[in-house]
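Undergrad: Using only what follows, build the 3D model:
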Amino acid sequence: MTTIFPRSLVRFAIIGLFAIPVVSVQAQVSSGSSAPYTLSNVAQNDPVVANIIAKAEKQFLLGQESLRASNPTEARAKFDGAIDAIVDSGIDVRGTPALQSYYLALIERIYQIETEGSSANAQNQVPVFGTQEYNPTADDSLGQVFLNQTEQNVTPDEIGDLQIATTGVDFKFTPNPLIQQYINFYSGPRGKRTMELGMQRSGKFMKMARKIFREEGVPEDITWLGQVESAWQIKAYSPAAAAGLWQFIPGTGVRWGLRQNAYVDERYSYEQATRASARYLKYLANRYNGNWELAMGAYNTGEGNIDRAISRTGVADFWAIYPYIAQETRNYVPTILAVMLIAKSPEKYGLGHIKPDAPMVYDVVQVPTATSLKLIADATNSSLEILRGLNPELRRDTTPRGEAYNVRIPAGSAQQFVATLKRVPVDRRETSNMNLVAVNKGEDWNSLATRTGITVSQLQEFNPGVDLNSATKIMTPKSQLQLTSIVRAKTPEATPAPKAAPAKPNTLKAQSGDTLTKMAARYGLNADELAKLNGISASKTLAAGTEIKTPAATKTTTTPSRRR
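TA: Reported below is the predicted structural model:
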């Protein structure tokens, strides 16, 4: 029997789907207590449920200990282990009130730890669980950038060139020697490497950004603000909890329509965050009567600070209010203008050799409620890592529950994906307890059973009504050892005779984020045996590609896992 809630729902958002009937649960959650969960009378009268809850609670408390030891990666694994204890128990969570109450309380506690912990750790520049990679933003140290004597040396000819260069920009700004000084910095030995990397990365996003800025009525050259904000790193995260290409802090993100909830943080989205940035800039420009220098300054420091500086001088001009704004903002605007001018004439500044990255290309397909990225990866002959990269705003490896969602998939795979998804029952699109396996031309159920190590009856149960003459993929239980690539094999000249199922491999390669516990569940092995054989903790997060020895290598007999 499969459970109702897969592990990917470790978020408060699903609580709206169910009522929590136990008052003591709510009190404990709201208090943030780290004490062991107190079982209700119902659970105490059911030893099976009590045992499941005890196992889950033990993993939760171990996760808290890992957090206190400043090990967020291990904490994430422990919290996932707590969810696993329930999800993989084989009990219908919705049909077991005591277990449902505990489950909902558990995900609420984990969600609170993540959201509160991320805020508390913002000063340390590290999200509590490490799920959002931290990359310092380009402007984190702008307030501490001091130009040296060589960079400050600006000749009259350079001022003349600067005035001419402004005519090639698609908005008006006032030439100032400080802009040339930052040109000297970014084309000189101290800042050139930063400029090179930014110009290279910009190719991935610039076509999209220019299109969106143009649609929103913002000068396209201002897209170079992205270079200064994030150096075009999609996972950039600042000490002030600003995130993504355009560095929205949580409050401003919400203000401009970027959702941040249990499933998504659209500050990391390519299109949504870019459009929000353009709209915010347009709003600021309108506030300052079309002055884009003031708009960019307000984007950095907030319109309140710019308004106060204007009140002190009585002039709505960036260079007039320059002495009355923060040092970072003083540097911010001329830096953007300098970067913009260099990017428009890279050969002139010794950067003509930089080749921008290729623009992003992908298909967009709408999927219904809660669809697993692993399923999407299998259906598009892709990988989970690629899908995460195409959809950086997704906080879990699933699309949001309760809504249709536009998911990005590798270019050219939309038709295949839609056809495959139609065959996957809605109630199986969210679970990770299944795989998609390619069907070779001429194969029948018996040969598929032999090749996958799964019985014909199981295969047919997972694939009701499937015609193997037209199907390109079938579903299989994930807990079985899969020895077949999802990529369609070459057509055989004749249907091969069934062969004995091959032995399990001597070694396995870890995927990104794997632990021995996860690998054991995936391949039907014993986690404790794997840990002992490899000398690695069963909960330790492994690097992608790490080779793990299996008991087959030592001819040790193991009892297959019963987890589904």
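Undergrad: What is the burial count for Glu196?
TA: Using other C-beta atoms under 10 Å, Glu196 has 16 neighbouring residues. To be clear about C-beta, it is placed using only N, CA and C from the backbone, and glycine gets the same treatment.
Undergrad: And it, which helix or strand is it part of?
TA: Assigning secondary structure by DSSP states H and E places Glu196 in helix 192-215.
Undergrad: Buried residues in that helix, which are they?
TA: Neighbour counts using 16 or more other C-beta atoms under 10 Å place 192, 194-199, 201-210, 212-213 of helix 192-215 among the buried residues.
Undergrad: distance of Glu216 from Phe171?
TA: Glu216 is 14 Å from Phe171, where distance means C-beta to C-beta, to the nearest Å.
Undergrad: still on that earlier bit, so which elements touch the helix or strand following the helix holding Glu196?
TA: Scanning forward in sequence from helix 192-215 by DSSP H and E, the next helix or strand is helix 225-230. The contact analysis (3 or more C-beta pairs under 8 Å, 6 or more residues apart in numbering; DSSP states H and E) places helix 225-230 against helix 192-215, helix 270-287, helix 327-344.
Undergrad: what's in contact with helix 225-230?
TA: 135, 137-139, 142, 198-199, 202, 205, 209, 232, 236, 244-247, 277, 281, 296, 299, 332, 335-336, 339, 343 (C-beta atoms under 8 Å, 6 or more residues apart in numbering).
Undergrad: So what's the gap between it and the chain middle?
TA: 20 Å (C-alpha atoms, centre = their mean, to the nearest Å).
Undergrad: Give the next helix or strand downstream of it.
TA: For helix 225-230, the succeeding helix or strand toward the C-terminus, using DSSP H and E, is helix 250-255.
Undergrad: Which positions in that next one come out as buried?
TA: Those would be Pro250, Thr252, Gly253, for helix 250-255 by 16+ other C-beta under 10 Å.
Undergrad: just stretch 278-286 next, same as before
TA: The neighbour-count check on stretch 278-286 (16+ other C-beta under 10 Å) flags Ala278, Arg279, Tyr280, Leu281, Lys282, Leu284, Ala285 as buried.
Undergrad: could you give the mean pLDDT of that stretch?
TA: Mean per-residue pLDDT for stretch 278-286: 97.
Undergrad: how far away is Thr507 from Gly257?
TA: From Thr507 to Gly257 the distance is 48 Å (C-beta to C-beta).
Undergrad: On the pLDDT front, check Phe129 for me.
TA: Reported pLDDT for Phe129: 38.
Undergrad: what's the answer for Gly90, then?
TA: Looking at Gly90, the pLDDT reads 71.
Undergrad: Equivalent analysis for Gly402, please.
TA: At Gly402, pLDDT is 85.
Undergrad: correct me, but it touches Thr369?
TA: Yes. Between Gly402 and Thr369 there is a contact under C-beta atoms under 8 Å: 5.5 Å.
Undergrad: Angles on the backbone of Leu394, please.
TA: Per-residue torsions, Leu394: phi -80, psi 120 (degrees, to the nearest 10).
Undergrad: do the same with the one 3 residues further on
TA: Dihedral angles of Asp397 (phi, psi; degrees, to the nearest 10) stand at phi -80, psi 50.
Undergrad: quick one, what contacts the residue nearest to it when sequence neighbours are not counted?
TA: Leaving out its chain neighbours, the residue that sits closest to Asp397 by C-beta to C-beta, 6 or more residues apart in numbering is Leu373, at 4.4 Å. If you count contacts by C-beta under 8 Å, 6+ apart, Leu373 has them with Leu384, Leu387, Arg388, Asn391, Leu394, Asp397, Thr398, Thr399, Val407.
Undergrad: Would you confirm that the first one contacts Asp397?
TA: Yes. With the criterion set as C-beta under 8 Å, Leu384 and Asp397 qualify as a contacting pair; they are 6.6 Å apart.
Undergrad: need the strands for this structure, in chain order.
TA: Secondary structure of the chain by DSSP state E: the strands cover 362-367, 405-410, 434-438, 473-477, 507-509, 547-549.
Undergrad: Using JSON lines, lay out those strands together with mean neighbour count and mean pLDDT.
TA: Output for the strands of the chain, formatted as JSON lines (neighbours: other C-beta atoms under 10 Å; pLDDT from 0 to 100):
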{"stretch": "strand 362-367", "mean neighbour count": "16", "mean pLDDT": "94"}
{"stretch": "strand 405-410", "mean neighbour count": "20", "mean pLDDT": "95"}
{"stretch": "strand 434-438", "mean neighbour count": "21", "mean pLDDT": "76"}
{"stretch": "strand 473-477", "mean neighbour count": "21", "mean pLDDT": "78"}
{"stretch": "strand 507-509", "mean neighbour count": "16", "mean pLDDT": "84"}
{"stretch": "strand 547-549", "mean neighbour count": "16", "mean pLDDT": "84"}
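Undergrad: Could you dump these into CSV with distance to Leu448 added?
TA: Putting the strands of the chain into CSV (distance: least, C-beta to C-beta, whole Å) gives the following:
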stretch, distance to Leu448
strand 362-367, 27
strand 405-410, 26
strand 434-438, 8
strand 473-477, 7
strand 507-509, 22
strand 547-549, 27
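Undergrad: Flag every buried residue along stretch 173-182.
TA: Those would be Phe173, Pro175, Asn176, Leu178, Ile179, Gln180, Gln181, Tyr182, for stretch 173-182 by 16+ other C-beta under 10 Å.
Undergrad: so the first one makes contact with Trp292?
TA: So the one you mean is Phe173. Yes. Between Phe173 and Trp292 a contact is recorded at 6.6 Å, counting by C-beta under 8 Å.
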